[in-house]
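Undergrad: Okay, predicted coordinates and the sequence, questions at the end:
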Amino acid sequence: MAPFDDSPPQGDLAGALPSPAAAQARLRQAEVVFDHCSEGILVADGDNRIRSVNPSFTRITGYSAEEVLGCDPSLLKSDRHGPEFFAGMWRAIEQEGRWQGEIWNRRKNGEVYPERLSITRVADDGGQVTEYISIFSDLSHDRAAEEKLRYQASYDSLTGLPNRALFVDRLAQELAHARREKHLVALLSIDLDRFRSVNDTGGHRLGDQLLQQAAGRLVEAVRETDSVSRLGGDEFSIIVTGLRHPRGAEVVADTVLAALSRPFLIDEHESHLSASVGISVYPPDCTTGEELLRNADTAMYRAKAGGRSRCVFFTEQMNNEAVERLALERDLRHALARHELLLHYQPQWDLRNGRITGAEALLRWQHPERGLIPPATFIPVAEESGLIVPVGEWVLHTACEQGRRWLGQVGAPSYLAVNVSSRQFRQDGFVDLVRRILADVGLPAQHLQLEITESMLMDDVEQTVAALAELRAHGVHLSIDDFGTGYSSLSYLKRFPIDVLKIDQSFVRHLAEDDDDAAIASTIIAMAHTLKKTVVAEGVEHLAQVRFLRGRKCDQAQGFYFSRPLTAKAWPIRPR
Ligand code: C2E
Ligand code: MG
Ligand code: MG
């Protein structure tokens, strides 16, 4: 309350007043302020006995006026401050006439609370102290709000674990400590496998509960001195301190993987999780926390790529590869604009009559310094960076244009098969894109075949079936590439509107000499025919393979035995 706070000790409350009427008015005004002000007011006499308190005093402290009149204000004292504190306070009051600060007091119900307090000493003309006026406001609500804010800034609200900000702080502290003590610090970067599909199929509530339970298991799996944080989504990290040997980190990782592999019970349903763990150790892996985290993440991605549900240690080699990938990604960003991408076309042959049926469009990158780069090198980079979306669109457009040019020519393939990557297929509006390109280019849909992989069928089945059905209804043909390498089962295949199965090269390679491969290839052919699908054998390089495939009534073949992928110009095609 400014009028009280700022008034000099000899001010309005105690000063001489000009006339009785004015004095009356002033007094009434002071009473109103006293009764209605939201700050608590306590007036004590020169002997420091309470003479009056206002209603806010009662509201804040819980004491009524009757209970405290005549008492020493020290009845409000908490045990949070020592004698020096009060000695300092009184010194200020005696010397400067005033003290102001924050103090912990105790309410009548025993609760200790913080308040902002100012005490003013009022003296008469002779210098005799007549009053001590205390004005205070309760800070406990502000404090609770501050505390909440501080908590939110450092902790994740879903799991109660430290968040990224607090994690970064702690990591820096642990690194400094490890440097002094010559200990090791390991950082485990943990990412739950396929968590997105849990969220997509089970809903966010299930996802949230799983995250909470997983967080609890992580905390249980480590020592109290190790700290578990949630860095975002399904990403956790653990700082393991005081290690003597890097292998100690592997023990922790194994415990974590085991803890997460036990089934989770949510609403009486069992759910299963697994995780991929990357480990980076200081020293020698890094010098800063940021680097340690980056390295642990790199190792974690390696664990994912290696088949998930495992832990992988970071190595310097990974960094070199990561740098290489980044360089490739940077160059790939410009490749489209600089016309460095091109398509080769590999013919597919009808094994019954030896005629060309169609051709598969295969992407190539003519890099200005590195030469011709095969797709296996840059498609994964394109997928990871999202560049596959514009690149894939370019492939579709270019292949369809070529198909349009070849329409009706002698020796030309009657359809073009185009590979579609998973990310591209999942992109919103993919089906519309295909339709639009066919329409723009003027290629009838039956001359286009899209090759997708088995793993793409496995994610989000409903949506996949719908998209494929739409494409099929439009007239586009669909094939499953590299068949036999995924998890497709017969019953599964029936659900998808697929026209063609392409037997993966790995089964074709040793067809003539390996009984197992021969059995697998034969089974795929028989199965495909039962399902009324066409079978294409990929990677056919020898006559023995051709003979075998013909004997099993395989419909078509593609491979170096017939032709390598060729540029469009190299195709022996002439106008009709
Ligand atoms: P894929 O779709 O299974 O393509 C067949 C691969 O086998 C091609 O490799 C082809 O050159 C190679 N090949 C063909 N006949 C033989 C043979 O007789 N022996 C051997 N050893 N190999 C043979 P390529 O062109 O290097 O492509 C590799 C993979 O890259 C493709 O496998 C496909 O998955 C992907 N890819 C190629 N072009 C594209 C594209 O435009 N988009 C996407 N998303 N992926 C593409
Ligand atoms: Mg293919
Ligand atoms: Mg293939």
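TA: Yes, it's here. What you are looking at is a predicted structure, and each value in this text was computed from that prediction instead of being measured. Ligands and ions are numbered 1, 2, ... in the order given.
Undergrad: Can you get me a residue count around residue 409?
TA: Residues within reach of residue 409, counting by other Cβ atoms under 10 Å, total 13. Heads up, the C-betas are built off the backbone N, CA and C, glycines and all.
Undergrad: Just the pLDDT for it.
TA: Here, the pLDDT recorded for residue 409 equals 94.
Undergrad: And for residue 271?
TA: For residue 271, the pLDDT comes out at 86.
Undergrad: in the sheet, who's paired with it?
TA: Per DSSP bridges, the residues bridged to residue 271 are residue 264.
Undergrad: Kindly report the same for residue 184.
TA: With DSSP bridges as the rule, residue 184 is bridged to residue 243.
Undergrad: OK, contacts around it?
TA: Neighbouring residues of residue 184 by Cβ atoms under 8 Å, 6 or more residues apart in numbering: 178, 242, 243, 244, 245, 246, 248, 249, 281, 282, 283.
Undergrad: State the paired neighbours of the helix or strand that residue 131 is a member of in the sheet, together with their directions.
TA: Assessed by DSSP states H and E, residue 131 sits inside strand 129-138. If you go by DSSP bridges, strand 129-138 pairs up with strand 40-45 (antiparallel), strand 112-123 (antiparallel).
Undergrad: Can you show me the CA trace of it as CSV?
TA: Output in CSV follows, covering the C-alpha atoms of strand 129-138 (Å, rounded to 0.1, in the frame of the first residue of the first chain):
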residue,chain,number,x,y,z
VAL,A,129,8.4,5.9,19.6
THR,A,130,4.6,5.8,19.5
GLU,A,131,3.9,3.1,16.9
TYR,A,132,5.4,0.4,14.8
ILE,A,133,3.2,0.0,11.7
SER,A,134,3.6,-3.3,9.8
ILE,A,135,2.1,-3.7,6.4
PHE,A,136,2.4,-7.1,4.7
SER,A,137,1.1,-9.1,1.8
ASP,A,138,0.9,-12.8,1.5
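Undergrad: Would you mind pulling the contact partners of the next helix or strand after it?
TA: Of the helices and strands lying after strand 129-138 in sequence (DSSP H and E), the nearest is helix 140-154. By Cβ under 8 Å, 6+ apart, the residues outside helix 140-154 that reach it are 113, 114, 162, 163, 165, 166.
Undergrad: before we move on, what about stretch 199-211?
TA: Here stretch 199-211 makes contact (Cβ under 8 Å, 6+ apart) with 158, 159, 195, 198, 230, 234, 264, 266, 267, 271, 273, 460.
Undergrad: Now it: buried residues?
TA: Buried residues in stretch 199-211, counted by 16 or more other Cβ atoms under 10 Å: 199, 206, 207, 209, 210, 211.
Undergrad: ditto for stretch 523-534
TA: Of the residues in stretch 523-534, 524, 525, 527, 528, 529, 533, 534 count as buried by neighbour count, 16+ other Cβ under 10 Å.
Undergrad: swap in stretch 399-410?
TA: So, applying 16+ other Cβ under 10 Å, buried residues of stretch 399-410: 399, 400, 401, 402, 403, 404, 406.
Undergrad: export the residues you listed to TSV and tack on secondary structure?
TA: Below are these laid out as TSV (DSSP: H, G, I helix; E, B strand; the rest coil):
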residue	secondary structure
399	helix
400	helix
401	helix
402	helix
403	helix
404	helix
406	helix
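Undergrad: before we move on, back to that, would JSON lines of the buried residues of stretch 523-534 with pLDDT, distance to ligand 2 and secondary structure be doable?
TA: Below are the buried residues of stretch 523-534 laid out as JSON lines (pLDDT from 0 to 100; distance: Cβ to the ion, whole Å; DSSP: H, G, I helix; E, B strand; the rest coil):
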{"residue": "524", "pLDDT": "89", "distance to ligand 2": "16", "secondary structure": "helix"}
{"residue": "525", "pLDDT": "92", "distance to ligand 2": "18", "secondary structure": "helix"}
{"residue": "527", "pLDDT": "87", "distance to ligand 2": "20", "secondary structure": "helix"}
{"residue": "528", "pLDDT": "89", "distance to ligand 2": "16", "secondary structure": "helix"}
{"residue": "529", "pLDDT": "90", "distance to ligand 2": "21", "secondary structure": "helix"}
{"residue": "533", "pLDDT": "93", "distance to ligand 2": "16", "secondary structure": "coil"}
{"residue": "534", "pLDDT": "96", "distance to ligand 2": "15", "secondary structure": "strand"}
